[in-house]
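Peer 1: No sequence on hand, only this structure:
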C-alpha cells in the first residue's frame, strides 16, 4: 500500500466511516473502532459525562489537521 493511501473503515460501534488509524476497543482489547469511539470509551472510563464527551470531541475536531 502506498504511504499516502487511506483505508476506509466502518466503526462497529457507531457505524461511521473513518480513515484515521483505528483505536482498540476497551471492551475486548481486540476490536478496531473509530478514533471518536476510542476517545469516548477512554473518557467514559474516567467518569466523564456523555455531554462533556461530545464537547471534548468537538474541540478535538476543530483542531484536527485536514
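Peer 2: In hand now; what should we look at? Every value quoted in this text rests on a predicted model; they were computed, and no experiment measured them.

Peer 1: so what secondary structure elements neighbour the lengthiest helix in the chain?
Peer 2: In the chain, ranked by residue count with DSSP state H as the criterion, the top helix is helix 50-62. Helix 50-62 sits against helix 35-45, with contacts defined as 3 or more CB pairs under 8 Å, 6 or more residues apart in numbering; DSSP states H and E. The C-beta positions use only the backbone N, C-alpha and C, and glycine is treated the same way.

Peer 1: what's the average pLDDT for the helix it packs on?
Peer 2: The pLDDT scores in helix 35-45 average 97.

Peer 1: quick one: stretch 10-23 to chain centroid distance?
Peer 2: 7 Å (CA atoms, centre = their mean, to the nearest Å).

Peer 1: Please work out which residues outside that stretch touch it.
Peer 2: For stretch 10-23, contacts defined as CB atoms under 8 Å, 6 or more residues apart in numbering pick out 6-9, 25, 31-39, 41.

Peer 1: same check, this time on stretch 49-59
Peer 2: 36, 39-40, 43-44, 48.

Peer 1: which of these are buried?
Peer 2: 36, 39-40, 43 (16 or more other CB atoms under 10 Å).

Peer 1: Backbone dihedrals for residue 9, both of them.
Peer 2: Backbone torsions of residue 9, given as degrees, to the nearest 10, read phi -120, psi 160.

Peer 1: was I right about it contacting residue 32?
Peer 2: Yes - contact status for residue 9 versus residue 32: in contact at 6.9 Å, counting by CB atoms under 8 Å.

Peer 1: Residue 31: what's its closest spatial neighbour, skipping adjacent residues?
Peer 2: Nearest non-adjacent residue to residue 31, counting by CB to CB, 6 or more residues apart in numbering: residue 25, 4.1 Å away.
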